[in-house]
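>>> My questions are about this predicted structure, shown below with the sequence.
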Amino acid sequence: MNVFFIISNVLNAYNVVSVYPYTGQPLDDGFINSPQGKLLAKNQIDAQSYVDLYKILLNSQTGNLGAPRTIKVGLRINFN
């Protein structure tokens, strides 16, 4: 019987894969702070809600970050 643990990204560090060219950051594309973004947000029914939802959209796209910490536990039984 074998019991095993596999832990990836033990320190739970941000593994930056790529960044947005405008800001150089992995989680902020800079659109909301640009003049076009501010104008678009101002013309919405609820500007703060628009900004919050846009930030949620950016955070849900994880293409710029690598895998978070993962812990796998396993048990292997061999019958001979």
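On my side now, so go ahead.

>>> mind checking which helix or strand of the protein has the lowest mean pLDDT?
Ranked by mean pLDDT, DSSP states H and E, the weakest helix or strand in the chain is helix 47-60, scoring a mean of 91.

>>> for that helix, which positions count as buried?
The neighbour-count check on helix 47-60 (16 or more other Cβ atoms under 10 Å) flags 50-51, 54, 58 as buried. All C-beta spots, glycine's among them, are computed from the backbone N, C-alpha and C.

>>> Over to the residue most central in space within the chain: give its phi and psi.
The centre of the chain sits closest to T62, judged by Cα atoms, centre = their mean, with a distance of 3.8 Å. Dihedral angles phi and psi of T62 (degrees, to the nearest 10) take the values phi -100, psi 20.

>>> Just the pLDDT at it, thanks.
Looking at T62, its pLDDT reads 71.

>>> now do the one 5 residues further on
If you check A67, the pLDDT there is 85.

>>> I'd assumed N15 was in contact with it.
Yes: counting by Cβ atoms under 8 Å, A67 does reach N15; the two are 6.8 Å apart.

>>> list the residues that contact both of those two?
Between them, A67 and N15 share these contacting residues under Cβ atoms under 8 Å, 6 or more residues apart in numbering: N9.

>>> if we can go back for a sec, quick check: of the buried residues of helix 47-60, which lies closest to N9?
L58 (21.4 Å; Cβ to Cβ).

>>> and that closest one, what does it touch?
Contact criterion Cβ under 8 Å, 6+ apart gives 27-29 as the residues in contact with L58.

>>> Quick one: which of these has the lowest pLDDT value?
The lowest pLDDT within the contacts of L58 belongs to L27, which sits at 85.

>>> That residue: how many residues sit nearby?
Burial measure for L27: 16 neighbouring residues, criterion other Cβ atoms under 10 Å.

>>> thinking again about what came up before, looking at the contacts of L58, which is nearest S8?
Out of the contacts of L58, the member with the shortest distance to S8 (by Cβ to Cβ) is L27, at 20.7 Å.

>>> Sounds good, over and out.
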